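>>> what would the 3D arrangement of this be:
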Amino acid sequence: SLPADIFQSTTRLKSVVLSKNLIAMLGSSIFESLSVLSYLDVSHNKLEFLPDGLLAENVKLKSVDISNNHLKHIDQQAIDQLEQLDTLILNNNTLTFLDTSIFSKLVYLGRLLLSSNRIEYISQFPPLSYLGELDLHDNELQYIEDDTFAKLDSLFILDLSWNNLTDMSEWAFRNLSDLYSLNLGHNQLTTLRREWFEDFELLSNLYLHDNLISSLEVQQIWRLTGLYFLNLESNVISHIQPKSFNNNNRLRTLNLRNNYLRNMTEETFQGLSSLNYLHLDENLIAGEVAEKVFFRLNPLVELNLHHNEIASLGVFSLYKLQKLEILDLSYNQISNISPRTFRYQKNLEFLFLHHNLLMELIPDNLLGLTDIHVMDLSYNQMTYLSETGIGDLNTLSELHLANNPWDCGDCRLAWMHSRYFIIDPLDTLCSIP
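Modelled structure (predicted):
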């Protein structure tokens with residue numbers, strides 16, 4: 001605790017920091033002499049409640065941090081005089097129920113941080129026309145009702161990740177037309193309702209990773225015409241209906257890593273005319289990469305396909321990806337690459353083919369790689385590599401060849417010793433003789 005008169009002689013204080021102490025109780029009048037106080041930090045203490053009228057005389061407060069305490073509830077009388085408050089931080093407490101009406105008089109509130117509590121239910125928020133950021137991640141929410149956030153018409157960032165959400169009402173996000181970022185990751189959502197995204201005209205970043213979503217259907221995200229970043233990593237998606245992304249022509253990053261995708265067609269990624277980064281690693285994509293799957297993804301810069309079951313690359317598997325700079329095909333079962341597969345990849349700088357079943361690369365396999373910097377062929381089944389094809393790669397600075405069963409008979413691989421760009425030469429050993 002603190003002496004009741006500790007601030008009596010310091011009435012002009014504008015900032016008070018009492019964090020990282022062992023304060024378990026604050027007297028209701030302890031701050032009453034601090035009429036110009038604008039910043040208060042009592043975080044990392046042992047407070048279990050805030051007495052009524054605690055901040056009644058501190059009407060100029062702009063920021064209050066009460067995070068990392070043991071608050072179980074907050075009474076409106078403790079904060080309702082703070083009409084100029086911009087930031088209220090209540091992270092890492094033990095709040096279980098949130099009666100949002102306690103914030104009704106905080107008319108200038110811009111940031112409300114409530115993460116890492118035990119909140120199971122939230123009521124509809126009162127009108128808070130300046131609220132731009134609302135953080136509710138790492139709580140115990142199971143459901144969001146209609147119009148919960150409808151009166152937060154300036155909300156820009158909403159974080160609901162790391163909760164127990166299994167579903168939400170159709171109109172849970174109604175009127176959030178200014179929302180820029182929505183995080184629903186690490187929940188238990190099994191499907192996407194089209195109505196959730198009806199009003200998201202400006203939504204740029206959507207996080208849906210680590211849920212139980214099994215498929216993407218046409219029109220589920222059809223209204224998200226301004227979407228820039230979409231994270232669907234670590235779901236159970238096995239099917240993407242053709243043209244599901246047909247209206248997302250501004251999307252730059254699509255993360256589908258760690259799902260159950262097997263088959264892709266020319267229409268799977270139709271509409272993604274601005275896509276730069278595509279993550280399909282750790283799926284179940286098998287056989288040969290079908291022709292024209294990536295046909296419409298001309299702006300693609302990075303393509304990740306590692307940890308799949310791909311067996312071969314056809315002549316047209318990478319057709320049209322002329323701006324590609326990074327291609328990761330490691331940890332697959334690739335035993336064959338058709339000649340001239342990379343003929344259009346003149347901007348490719350990084351090619352990762354390690355941990356596959358390649359036995360040989362002929363010079364025609366490397367045609368087109370005029371700007372390659374790093375190529376990793378380690379952990380394959382290669383016995384021979386032509387100096388001719390490698391010698392034409394003038395920009396190559398790193399070549400990884402370790403852990404292949406090289407056949408060094410008749411010294412036909414002696415050229416490797418003179419190439420400075422071969423990495424890990426001590427692991428690049430002859431198997432024969």
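>>> so how far is the helix or strand encompassing G389 from its chain's centroid?
Taking DSSP states H and E as the criterion, G389 maps to helix 387-391. Per C-alpha atoms, centre = their mean, to the nearest Å, the displacement of helix 387-391 from the mean C-alpha position of its chain is 40 Å.
>>> could you point out which element follows that helix?
Moving toward the C-terminus from helix 387-391, the next element (DSSP H and E) is strand 398-400.
>>> export the helix holding G389 to PDB, keeping only CA atoms.
In PDB, the C-alpha atoms belonging to helix 387-391 read as follows (Å, rounded to 0.1, in the frame of the first residue of the first chain):
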ATOM      1  CA  GLU A 387      29.900 -28.700 -65.100                       C
ATOM      2  CA  THR A 388      28.500 -27.300 -68.300                       C
ATOM      3  CA  GLY A 389      25.100 -26.400 -66.900                       C
ATOM      4  CA  ILE A 390      26.500 -25.000 -63.600                       C
ATOM      5  CA  GLY A 391      29.300 -23.100 -65.400                       C
END
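>>> give the buried residues for that helix.
Neighbour-count burial for helix 387-391, with 16 or more other C-beta atoms under 10 Å as criterion, is recorded at 389-390. Placement of C-beta: from N, CA and C, glycine included.
>>> residues in contact with it?
Here helix 387-391 makes contact (C-beta atoms under 8 Å, 6 or more residues apart in numbering) with 361-366, 396, 399, 415, 419.
>>> farthest pair in these?
The span of the contacts of helix 387-391, defined through C-beta to C-beta, is set by D364 and R419 at 20.4 Å.
>>> circling back to that earlier point, from the contacts of helix 387-391, pick the one nearest L385.
L361 (6.1 Å).
>>> L275 contacts N249, doesn't it?
No - using C-beta atoms under 8 Å, L275 is not in contact with N249, being 9.1 Å away.
>>> neighbour count: the two, which is higher?
L275 (26 against 13; other C-beta atoms under 10 Å).
>>> give the contact list for that one.
Counting by C-beta under 8 Å, 6+ apart, L275 has contacts 251-254, 269, 297, 299-300.
>>> check the closest residue to P405 other than its chain neighbours and give its pLDDT.
In space, and not counting its chain neighbours, P405 is closest to S431: 3.7 Å by C-beta to C-beta, 6 or more residues apart in numbering. Note on S431: pLDDT of 72.
>>> also Y420?
60.
>>> do I337 as well
On pLDDT, I337 comes in at 90.
>>> can you name the residues that contact it?
So I337 contacts 312-313, 358, 361, 365 (C-beta under 8 Å, 6+ apart).
>>> nearest to P126, of the residues you listed?
When the contacts of I337 are compared against P126 (criterion: C-beta to C-beta), the nearest one is L313, at 57.8 Å.
>>> so what's the closest one bridging to?
V289, I337 (DSSP bridges).
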